[in-house]
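Undergrad: Mind folding the following:
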Amino acid sequence: MFLSRFDGQSRLLVRALMSGISGTQKALTAFHKQQRANPELSLVNLLQTLCQDEVTRPEAENEPLVIKPMVCLFSTLFKQNLLTFVYLVHSVLPGTAILHLLKCLSKDSYVDPWVTALSRQLERKLALHHDEPLCTKDCSQKLKGLIDGVVGCSEKGGWAQCFNDQIVKSESQIISDVSEVSTQKKRRVSFVHLEDADDDETRQQSKRTKWTIWDDKLVELEDKDVKRDAWEGSEGAAPAGSPAPNSPQGNLPENLRASFLHIKELLESQKEWDETSTDAFKVLNECDSSQVEILCSMLNLPELPEHSLPKLCNSILSLSPDLSYSTAATLCRSLLLEKVLSLSEPASRCLVTAATSLCSHYPRPICHAVICPVLEDKTIGLPQAELLNRLIESCLDSHYKLLVLQMTFRVSWSEAVLSIIHSLLDSKADLNEEVFTQFMKQLVSQSPHVTKSMKFAKMMLTVLTKYSSHITAAHKHSLTSCLDVNETFLKKSLQAALKRILHT
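TA: This next block holds a predicted model:
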């Protein structure tokens, strides 16, 4: 009765989804044909029409008319087919449209367990995690009872007895089963092993039929190696688009979920962002620190390609008002830290642009969320030092240079760290008496470990020439002991510079 509400292409898909347990496969076949005829085909109209409100009769005669989304008025089997179809083609659908459909289905007066499970699985595909399991508590109890009843599955009986006298499923039934196991990888959604095995002899002679979903098509697998690969691939990997296994879990308010989907679509889009794209990031000013952590994890920002960083940073920097310290620190850490730590060669232009733009606008969050962890990392190398030196020279004022110098007092002075200290001192950081005294103590404690380091020698020369006015009588003895153990060719120059200070 509702078919007339759909356009021609959508009507064909609705008819397919209404055609029983093989509806999902028929809809996929129809959709692929439509795509070949029109590569620009969109399924948004289909979902929008299904989400339209409809006036319907109440369940009881004396109650007033009620308004429900159209999708709630279709049969349960149609809803199952629809959700399975959407799961398989979700990559060509906007996340916001899928989320709207799931919200409409949640208004259904009758809650079908399979529809609920498929809805939750779709939310997981969109990285909107549920704490509760896919199956209901009653279903979990039944599964436990089934498992307890077939413990001896390796003995005669066991699983073979469970499937004895059962009719081998037809292809259409197997397609329906795909909807029941959609927690596995898209390209390997299900694996069905049908075997008539009452004893060992029959088991060896029986024909094994293997089925899997490959590129959204049901195909038969005859090779045992293919069977093994399909099984291992589906068990060993999380669904595409899921966050990393160790990422923070939690539910976001509905408005933040919608914004997350919008941001995700922007990050995955190859098109240029317009001015309205910035509006999607305004939600960052509405989040608390834990929600920002969850958003960054769900968006998998540490894995974001470097070429996407500049436009993302531009959108973040154009927000008004500015982000809070905690929000900015979380974003900077997610966007930059892992990329900086993994550098094995000079940073790319995109990474340098992103880091300098964020550091110029949010120097304190960058110092604590990026620079400090990099300094503390024992594997810090020259590529990291080169990038940090660029930030120090072009983005940090004297106050933050002083902060970074104090951070170096808590770590061992490797060649990379010495390069950063030299850059800080060479930029004539405004050292007060207390910080300079702390620096001298660190200098004395570190000097025996870097006697042959040219970077340490050059840094000492900078101290003796640019900070001679800070050197007191108490410091002169410490500096003498440092120079006595130095083994570089600059030793005589350093001793001469110290001698001039001693006679002034």
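Undergrad: which SSE is the residue nearest to Leu382 when sequence neighbours are not counted in?
TA: The shortest distance from Leu382 to any non-neighbouring residue, by Cβ to Cβ, 6 or more residues apart in numbering, is to Ala416 (5.7 Å). Quick note: C-beta positions are derived from backbone N, CA and C, even for glycine. Using DSSP states H and E, Ala416 sits in helix 415-426.
Undergrad: Buried residues of that helix, list them for me.
TA: Across helix 415-426, burial judged by 16 or more other Cβ atoms under 10 Å covers 416-425.
Undergrad: Could I get the full set of helices for the stretch 401-504 of the chain?
TA: In the stretch 401-504 of the chain, the helices defined using DSSP state H, counting those that start in this stretch lie at 415-426, 433-446, 454-466, 473-484, 491-502.
Undergrad: most packed of the ones you listed?
TA: Mean neighbour count, computed with mean count of other Cβ atoms under 10 Å, is highest for helix 415-426 among the helices of the stretch 401-504 of the chain, reaching a mean of 21.
Undergrad: on contacts alone, who are the packing partners of that one?
TA: Packing partners of helix 415-426 (3 or more Cβ pairs under 8 Å, 6 or more residues apart in numbering; DSSP states H and E): helix 382-395, helix 398-408, helix 454-466.
Undergrad: got the contact list for the first one?
TA: The one in question is helix 382-395. For helix 382-395, the external contacting residues (Cβ atoms under 8 Å, 6 or more residues apart in numbering) are 340-341, 343-347, 351-352, 355-356, 359-360, 363, 366, 371, 374-375, 377, 401, 404, 415-417, 419-420, 423-424, 427.
Undergrad: So the residue nearest to Leu382 is in contact with Ile380, correct?
TA: Yes. Ala416 is within contact range of Ile380, at 4.6 Å (criterion: Cβ atoms under 8 Å).
Undergrad: Check the gap between Pro310 and Thr480 for me.
TA: For Pro310, the distance to Thr480 (Cβ to Cβ, to the nearest Å) stands at 50 Å.
Undergrad: Correction: the previous question concerned Ser394.
TA: For Ser394, the distance to Thr480 (Cβ to Cβ) stands at 36 Å.
Undergrad: Is it possible to get TSV of the helices of the stretch 401-504 of the chain that adds mean pLDDT?
TA: Shown next, in TSV, are those (pLDDT from 0 to 100):
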stretch	mean pLDDT
helix 415-426	92
helix 433-446	87
helix 454-466	87
helix 473-484	81
helix 491-502	82
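Undergrad: which stretch among the ones you listed comes nearest Phe78?
TA: helix 415-426 (62.0 Å; Cβ to Cβ).
Undergrad: how far away is the most centrally placed residue in the chain from Val92?
TA: Centroid-nearest residue in the chain: Asn300, 1.8 Å away (criterion: Cα atoms, centre = their mean). Distance of Asn300 to Val92, given as Cβ to Cβ: 20 Å.
Undergrad: did I read that right, Trp114 in a strand?
TA: No. Applying DSSP: H, G, I helix; E, B strand; the rest coil, one finds Trp114 to be helix, outside a strand.
Undergrad: so how many other residues sit close to it?
TA: With neighbours defined by other Cβ atoms under 10 Å, the count for Trp114 comes to 18.
Undergrad: Just to check, it is in contact with Phe78?
TA: No. If you go by Cβ under 8 Å, Trp114 and Phe78 don't touch, sitting 12.0 Å apart.
Undergrad: starting at the chain centroid, how far to the helix holding Ala416?
TA: Between the mean C-alpha location of helix 415-426 and the chain-wide mean there is a distance of 34 Å, by Cα atoms, centre = their mean, to the nearest Å.
Undergrad: How many residues are close by the spatially closest residue to Ser419 that is not a sequence neighbour?
TA: The shortest distance from Ser419 to any non-neighbouring residue, by Cβ to Cβ, 6+ apart, is to Ala385 (4.4 Å). By the criterion of other Cβ under 10 Å, Ala385 has 24 neighbours.
Undergrad: Look up how far Leu375 lies from Ala385.
TA: For Ala385, the distance to Leu375 equals 10 Å [Cβ to Cβ].
Undergrad: Common neighbours of these two, please.
TA: Common neighbours of Ala385 and Leu375, using Cβ under 8 Å, 6+ apart, are 417, 420.
Undergrad: which regions of the stretch 101-250 of the chain sit below the pLDDT cut-off?
TA: Within the stretch 101-250 of the chain, the stretches with pLDDT under 70 are 127-137, 139, 149-250.
Undergrad: any idea how far Cys296 is from Gly8?
TA: Using Cβ to Cβ, Cys296 is found at 43 Å from Gly8.
Undergrad: now Asn432
TA: 77 Å.
Undergrad: for Leu266, same thing?
TA: Distance of Leu266 to Gly8, computed by Cβ to Cβ: 31 Å.
Undergrad: One more: Arg349?
TA: 49 Å.
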